[in-house]
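Enquirer: Structure for this input, please:
(chains A and B)
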2 protein chains.
Amino acid sequence: MKKVHIIGLGLLGGSFALGLRKSKPEISITGFDIDTQNQKDALTLGIIDKVQEKADADTDLVILATPANTLAKILIQTLDEVGPETLVVDFGSTKEALCKAVANHPKRAQFLAGHPIAGTEYSGPKAAFDSLLDRKVFIICEMEKTDIHLKAKAYDALEALNMKIRFMDPEEHDRQLAFVSHLSHISSFMLGKTVLDKMEDDRNIFDMAGSGFASTVRLAKSSPAMWAPIVLENKGNVLEALGKYIDCLQGFKQKIESEDFDGLYREMQEINQIRDVLDLGGKS
Amino acid sequence: MKKVHIIGLGLLGGSFALGLRKSKPEISITGFDIDTQNQKDALTLGIIDKVQEKADADTDLVILATPANTLAKILIQTLDEVGPETLVVDFGSTKEALCKAVANHPKRAQFLAGHPIAGTEYSGPKAAFDSLLDRKVFIICEMEKTDIHLKAKAYDALEALNMKIRFMDPEEHDRQLAFVSHLSHISSFMLGKTVLDKMEDDRNIFDMAGSGFASTVRLAKSSPAMWAPIVLENKGNVLEALGKYIDCLQGFKQKIESEDFDGLYREMQEINQIRDVLDLGGKS
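Expert: The predicted structure is shown next:
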């Protein structure tokens, strides 16, 4: 693999480039971002060697790391244009709609639907760092639809980054991510909103916040440009998860209202089993 | 200060003892816990020198670090028994009811109502560590009701631990903590519940969880023995905070339902100001 092109030079695209460079410094990396400041930053930070809108005809790998609602259009356009030896991989957080959008494209076999389970609450090229993807999970959807020969290019890059590959179908991916990722972000944003609203009559409220609050509200610092698209692209599943979350909160509220000490205690005790599940699960 | 007695040898009581010992190794520390295993662990871990139920007559400082719903009874009983040179300090997470319960006690001036803003999701003496309270905020309520001479004993200990003292009235304390601490714990517990419930039809759902989920759900590992009492002791404020949180979630859900991209984007963008507030606030 000699040439990589990255569209979207933010946290994920930038970290992918930096991680890849570290392990394979011989690869030439071009890239593009609709934000010209991001283009400049990506050059300055050594994320890319050159800004260019389109991939070269002999590019091995094109990475699409733009917001979820822009991916379908960019993916179709990129597939239309790339040469026969190029593999296009997306890093989107939702997979069902994208896989459907490209299902009948004549070059479908040149596309690999991916999702690296990694991120921070920060965004943009300046937030990128070379170890973000190190040993993280990379989900691949509909792997059988991608050309076996081209797929090897993605595997080479993922291996260089020490990523762990998991296969899922797009529907299952979106359903699971709604619960273990998208809902976390909403719960955190709304916690932030509740306390910010309260600050209007209590200016010093944040002085009393401890590390528990900081940890729970951390994701409320996340980028709206990334998250508004995700919750709408995955609308059905997100609404299901959010509805169940609100039901849980209502149930807990009723237990407080009726001063049901035993019920509250038992419920929290049952939820404590999350200790074991989290310790076993992929804490990437 | 020569003698300290600690009732409740868990995370907070234990960490207080370990921190104090580090800076003032000459102090003798006795202690008691209703759980005999905690007594043994506290001895083994060097948290206390000796298990005894009551403070000696010449004890300088008695620390009460038991669950919120047990404090009023233990506080009154302790005040009844202690000698005239002993100061009793509680570490409870709720202050209004406790201050009321002890308002007319003949030895009210020997009590200092305190709350160290520190903790982790773990509990018990084995979770204690000497730096837990280091440079954290210690809230004191109704400071004017405590004898000025006895108060100096608490200040000595807090200074030894590098704690930063803040003064608040009990009502304000409970109102603020409902938003920046108690609500975080509930949001986290209910996030855990929602995903655990989902696990019943999706066994591998936690495999897809990233660092964002882990951070948001961390507090769901907290002790029910500590948290069931807190939410009930602070019922009114917790219900207000929880009600407002549910309202925020309902509003966000409606924006998703109506595919209001701009509304979602704007709302998240406004909440992003939490970045600045958190960076300025006491991130203890």
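
Enquirer: Residues of the stretch 1-150 of chain A that sit close to chain B?
Expert: Taking CB under 8 Å from any CB of the partner chain as the criterion, the stretch 1-150 of chain A approaches chain B at residues A:69, A:117-121, A:136-137, A:139. Every residue, glycine included, has its C-beta placed from N, CA and C.

Enquirer: could you redo the last one with a cut-off of 7 Å?
Expert: A:117-119 (CB under 7 Å from any CB of the partner chain).

Enquirer: Which one of those is nearest to residue A:35?
Expert: residue A:119 (18.4 Å; CB to CB).

Enquirer: pretty sure the closest one is touching residue A:11, no?
Expert: Yes - between residue A:119 and residue A:11 there is a contact under CB atoms under 7 Å: 6.5 Å.

Enquirer: Columns pLDDT and neighbour count on top of the residues of the stretch 1-150 of chain A next to chain B, output as TSV?
Expert: As requested, these are exported to TSV (pLDDT from 0 to 100; neighbours: other CB atoms under 10 Å in any protein chain shown):
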residue	pLDDT	neighbour count
A:117	94	25
A:118	94	24
A:119	91	24
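
Enquirer: now, which of those residues sits nearest residue A:191?
Expert: residue A:119 (18.5 Å).

Enquirer: So the nearest residue to residue A:261 once chain neighbours are set aside versus residue B:208, what's the distance?
Expert: With CB to CB, 6 or more residues apart in numbering or on different chains as the criterion, residue A:261 has its nearest non-adjacent residue at 5.7 Å, and that residue is residue B:228. Going from residue B:228 to residue B:208 by CB to CB, to the nearest Å gives 31 Å.

Enquirer: And for residue A:223?
Expert: 21 Å.

Enquirer: Just give me the neighbour total for residue A:34.
Expert: 13 (other CB atoms under 10 Å in any protein chain shown).

Enquirer: Next, the contact list for the most centrally placed residue in chain A, please.
Expert: Geometric centre of chain A, nearest residue: residue A:93, 4.4 Å, by CA atoms, centre = their mean. By CB atoms under 7 Å, 6 or more residues apart in numbering or on different chains, the residues touching residue A:93 are A:68, A:115, A:177, A:230.

Enquirer: Considering the residues you listed, which possesses the most neighbours?
Expert: residue A:177 (28 neighbours).

Enquirer: Show the contacting residues for that residue.
Expert: Residue A:177 sits next to A:93, B:208 when contact means CB under 7 Å, 6+ apart.

Enquirer: Provide a list of residue ranges in chain A with pLDDT below threshold.
Expert: For chain A, residues meeting the criterion pLDDT under 70 lie at A:279-284.

Enquirer: Would you mind checking which of the residues of the stretch 1-150 of chain A next to chain B is nearest to chain B?
Expert: residue A:117 (4.6 Å; CB to the nearest CB).

Enquirer: Tell me what the closest residue to residue A:53 other than its chain neighbours is bridged to.
Expert: With CB to CB, 6+ apart as the criterion, residue A:53 has its nearest non-adjacent residue at 5.0 Å, and that residue is residue A:32. Residue A:32 has these beta-bridge partners by DSSP bridges: residue A:7.

Enquirer: Quick check: phi and psi at residue A:258.
Expert: phi -90, psi 10 (degrees, to the nearest 10).

Enquirer: Also residue A:106?
Expert: Phi and psi for residue A:106, reported as degrees, to the nearest 10, are phi -60, psi -30.

Enquirer: give me the number of residues near it?
Expert: That count, for residue A:106 with other CB under 10 Å as the rule, works out to 8.

Enquirer: circling back to that earlier point, among residue A:223 and residue B:208, which residue is more densely surrounded?
Expert: The neighbour comparison of residue A:223 against residue B:208 (other CB under 10 Å) goes to residue B:208, with 25 against 19.

Enquirer: these two touch, right, the more buried one and residue A:116?
Expert: No - using CB under 7 Å, residue B:208 is not in contact with residue A:116, being 11.8 Å away.

Enquirer: just so I have it, where are all the strands in chain A?
Expert: Listed in chain order, the strands of chain A (DSSP state E) span residues A:3-7, A:28-32, A:50-51, A:61-64, A:87-90, A:111-116, A:137-141, A:164-168.

Enquirer: Kindly provide the distance from residue A:146 to residue A:208.
Expert: If you go by CB to CB, the gap between residue A:146 and residue A:208 works out to 52 Å.

Enquirer: correction: residue A:95
Expert: Taking CB to CB, one finds residue A:95 at 41 Å from residue A:208.

Enquirer: Kindly report the same for residue A:87.
Expert: In terms of CB to CB, residue A:87 sits 52 Å off from residue A:208.

Enquirer: Now do the helices in chain A.
Expert: A:11-23, A:36-44, A:71-81, A:96-101, A:148-160, A:170-177, A:183-199, A:211-217, A:224-233, A:235-257, A:261-271, A:274-280 (DSSP state H).

Enquirer: Quick one: list the elements packing against the shortest one.
Expert: Put plainly, it is helix A:96-101. With contacts defined as 3 or more CB pairs under 7 Å, 6 or more residues apart in numbering or on different chains; DSSP states H and E, helix A:96-101 has these neighbours: helix A:71-81, helix A:170-177.

Enquirer: now the angle between strand A:28-32 and the longest one, please.
Expert: Put simply, helix A:71-81 runs at 130 degrees to strand A:28-32, going by axes from the mean of the first three to the mean of the last three CA atoms, to 10 degrees.

Enquirer: so what's residue A:229 closest to, chain neighbours aside?
Expert: Nearest residue to residue A:229, sequence neighbours excluded (CB to CB, 6+ apart): residue A:69, at 3.6 Å.

Enquirer: Return the distance of that neighbour relative to residue B:27.
Expert: Applying CB to CB to residue A:69 and residue B:27 gives a distance of 62 Å.

Enquirer: Also residue A:72?
Expert: 67 Å.

Enquirer: now do residue A:123
Expert: 50 Å.

Enquirer: so which of the helices and strands packed on helix A:96-101 comes closest to residue B:79?
Expert: helix A:170-177 (54.3 Å).

Enquirer: what's the neighbour count on residue A:57?
Expert: The burial count for residue A:57: 12, using other CB under 10 Å.
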